[in-house]
Structures are given as C-alpha cells and as structure tokens.
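1. A predicted structure for the sequence below; I have some questions about it.
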There are 2 protein chains.
Amino acid sequence: MVKRKSFSEMDCPVAQCLEVVGEWWSPLILRNVVVGGMTRFDQIQRDLSIAPNVLTDRLATLVEGGLLERNQYSTRPPRFEYVATEAGKDFKTVLDAMCSWGTKWGNVPK
Amino acid sequence: MVKRKSFSEMDCPVAQCLEVVGEWWSPLILRNVVVGGMTRFDQIQRDLSIAPNVLTDRLATLVEGGLLERNQYSTRPPRFEYVATEAGKDFKTVLDAMCSWGTKWGNVPK
C-alpha cells in the first residue's frame, strides 16, 4: 500500500476523523458493517468486489482506529467477524450526511 | 496517481458521494475552501503541506465532480481560484458530521 501522509498531528476534528476513515473504500466498508449488518470478511469482500489485500488493510485500520472490533467466531478453521464499536455506530451520522448529499447531488438514478 | 476502482456504477448515494470526495485529502481541501474561505492553490497548498501534484489532481476531481468551480482571476501570469458551487457548499453538512464525530471520538486535545 502507498504510505499516506498522516493527518494525526493536525489539530482539527475533521482531520482526526479522516485519519481513520479517509481512505478509498473505508466509508463503504463501514456502511456495510454499520448499516448493512455485515460482519464477515467474505461477505464484505463479495459485496464490494474489493481486492482482499485492500480489505485486510482497511479493516486493520478501522480496528486500530477503534471503529470496529475483531472477534474470533471459529477456531478450526480460525475465522473472525467485525463488529462496530460505539465509535463505529456513531459514524452512521457521517454516512447519513453522505447519503443525503449523494441523493441530492450524485448520479444515482432517481 | 494510483488508478482507483471507480464507485460510479454503484447504485448507492454514499458511493456516489465518495466517487468525488473519497480520496485522501479531498475532504480537507473542501474544508479549506467551504469553511476556511480559501480560494487559491498556493494558500491551500501551504496550509495543508500537501504535495502540489496531489493537490492538482484532487482539485481537478472536485471541479469535474461539480463541487468546485475554477475561475481565472489573472491573465498575466495566468492564475486561477477555486470557488465552491452549490453542491460544494452543501457538502458542509458532511464536514459538520465529520467534525462532530472527530470531536467526540478523535485524538484532538480537549
């Protein structure tokens, strides 16, 4: 992955938000978990047709950033599910704002 | 620039929003124009310490996506300013939601 310039030193809450969710795909992954109720890697991967290595990277960032929790639900084979934390659930306010904006200004068939 | 997978074919207003503003830096550039009142390339570039080629790329995407307008304000030397359209101004609702989320959950000193 390309190493991006971090926003973590910026003293701005928008930058702090983007530090965790500002990469390509991340808000759509959160949409699938927080709004779509998806929890499993394969489910999210199939729904988005996202490259598995990119999804692995984005999920790790979202876990590290405190928006998702990674829980093991099977030991043999080892399998994990991703569940939204309180911070993750609260991100729905941002997704809702994006949804309203996209409905008004995007190219979605109306 | 890395060519990203487009979200334009996705029938979802969140994806339509992200197609234009979902890249690293783009929401911060919009913050500077829409909230910060900055209009000039050098001003935005200096404020964000963003690489000029990246800023050029992001501004072009935001103009193409209809969030910013590019107006020439000097002919010799040729200089342009970037002004938010109605769609760009309306993106403030998303920035506000990010700001609230970042204030609650980010690492900004409180």
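-> Looks like it arrived, so ask away.
2. just to be sure, A:Glu81 is in a helix?
-> No: A:Glu81 is assigned strand when assessed by DSSP: H, G, I helix; E, B strand; the rest coil, not a helix.
3. measure the residue nearest to it when sequence neighbours are not counted to B:Ser8 for me?
-> Of all residues beyond its chain neighbours, the one nearest A:Glu81 is A:Thr39 (4.1 Å), with distances taken as C-beta to C-beta, 6 or more residues apart in numbering or on different chains. (Each C-beta comes from the backbone N, C-alpha and C, glycine too.) Separation of A:Thr39 from B:Ser8 (C-beta to C-beta, to the nearest Å): 27 Å.
4. which residues in chain A form helices?
-> A:13-21, A:26-30, A:41-48, A:52-64, A:86-90, A:92-105 (DSSP state H).
5. ok now the fifth one, how far from the chain's centre?
-> It refers to helix A:86-90. Distance, stretch centre to chain centre, for helix A:86-90: 11 Å (C-alpha atoms, centre = their mean, to the nearest Å).
6. packing partners for it?
-> helix B:92-105 (3 or more C-beta pairs under 8 Å, 6 or more residues apart in numbering or on different chains; DSSP states H and E).
7. what are the buried residues along the helix it packs on?
-> Across helix B:92-105, burial judged by 16 or more other C-beta atoms under 10 Å in any protein chain shown covers B:Lys92, B:Thr93, B:Val94, B:Leu95, B:Ala97, B:Met98, B:Cys99, B:Ser100, B:Trp101, B:Gly102, B:Trp105.
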